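A.B. asks: sequence isn't available, so here's the structure alone:
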């Protein structure tokens, strides 16, 4: 009589789900978002566009991503995240490869529109929707743990992208990033979410209960928070996208700029570890106020830093 294979305990399976999604998040963020900082000049030359046109194409991709985030989340609620996130990674691989062939500004916009849709299907928003669906009873801790992985995306991919471009050229560098999406992210999404992530689904309650969103729309606080988060995201995203250029304007080499920029990842992780450790003692509003207060302070330091490494770090 055969012995039944033992099933890993729920906590172990949950940790495995988050780790696999975390690795995919590092690659997705690194290849779809952070790598752009090193592609501006090559894409200008390939497409015949100027710098504003290239940045506008990337911004257009972010706009598409934002517009599709809610529909993608609703789709994940209905059918689960396996197919959505796997298809997103495959499409990301194809579009990164197509980005090496752009020869006009129109083609650049078209590819980045597609990559925006890919971002909506692979980055934090869909991952958070999956985790909320799988870990409704403890979704905040699951989401925070996942962001510990995502925080290292810039740390890994700014130096990696710079090295790949220096060694092989920007087109081959993009093909390497494309391969990572196809051969790592897609299989991880397909495998780890094959049975719902190995975790029992729990019907959302409390803030995620049906009707909560419609109730929020009737309160002024919702719109004030929307303005605050939009402004914060605008400044932070713009800073990250332009950081390599700003650091190189300070006469840092591309390698040195990537090294300084890579510090953001460990600091993001540090902040998330602190938030995870003190989550029960601090309200979400307190964490938000502290985070938003540090952003203008850090930009002020960046403006004053010159090439002084202690201040840049």
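C.D. replies: The structure has been received and is ready for your questions. For clarity, every value in this text was computed on a predicted model and none was experimentally measured.
A.B. asks: where along the stretch 1-150 of the chain do the helices fall?
C.D. replies: Remark: helices assigned in the stretch 1-150 of the chain by DSSP state H, counting those that start in this stretch are 10-32, 40-47, 51-79, 82-99, 105-122, 124-134, 139-150.
A.B. asks: what packs against the shortest one?
C.D. replies: When contacts are defined as 3 or more Cβ pairs under 8 Å, 6 or more residues apart in numbering; DSSP states H and E, helix 40-47 packs onto helix 51-79, helix 105-122. The C-beta positions use only the backbone N, C-alpha and C, and glycine is treated the same way.
A.B. asks: okay, buried residues for that helix please.
C.D. replies: Burial within helix 40-47, assessed by neighbour count using 16 or more other Cβ atoms under 10 Å, is assigned to 40, 42, 43, 44, 46, 47.
A.B. asks: could you do the longest one as well?
C.D. replies: Within helix 51-79, the residues that count as buried by 16+ other Cβ under 10 Å are 54-62, 64-65, 68-69, 72-73, 75-76.
A.B. asks: one more: stretch 177-190?
C.D. replies: So for stretch 177-190, counting by 16+ other Cβ under 10 Å, buried means 177, 178, 180, 181, 182, 184, 185, 186, 188, 189, 190.
A.B. asks: rewinding a little: which among the helices of the stretch 1-150 of the chain is found nearest to residue 303?
C.D. replies: Among the helices of the stretch 1-150 of the chain, the nearest to residue 303 by Cβ to Cβ is helix 51-79 (20.4 Å).
A.B. asks: average model confidence for that closest one?
C.D. replies: Across helix 51-79, pLDDT averages out at 93.
A.B. asks: torsion angles phi and psi at residue 250?
C.D. replies: Dihedral pair for residue 250: phi -80, psi 10, per degrees, to the nearest 10.
A.B. asks: isn't it right up against residue 306?
C.D. replies: Yes - because the distance of 6.5 Å satisfies Cβ atoms under 8 Å, residue 250 is recorded as touching residue 306.
A.B. asks: more crowded one of the two?
C.D. replies: Higher neighbour count among residue 250 and residue 306: residue 250, with 15 against 11, using other Cβ atoms under 10 Å.
A.B. asks: quick one: the closest residue to the more buried one other than its chain neighbours and residue 132, what's the gap?
C.D. replies: Distances taken as Cβ to Cβ, 6 or more residues apart in numbering place residue 307 nearest to residue 250, at 5.3 Å, with adjacent residues excluded. Noted for residue 307: a distance of 44 Å to residue 132, by Cβ to Cβ, to the nearest Å.
A.B. asks: okay, these two: which has more neighbours?
C.D. replies: residue 132 (19 against 12).
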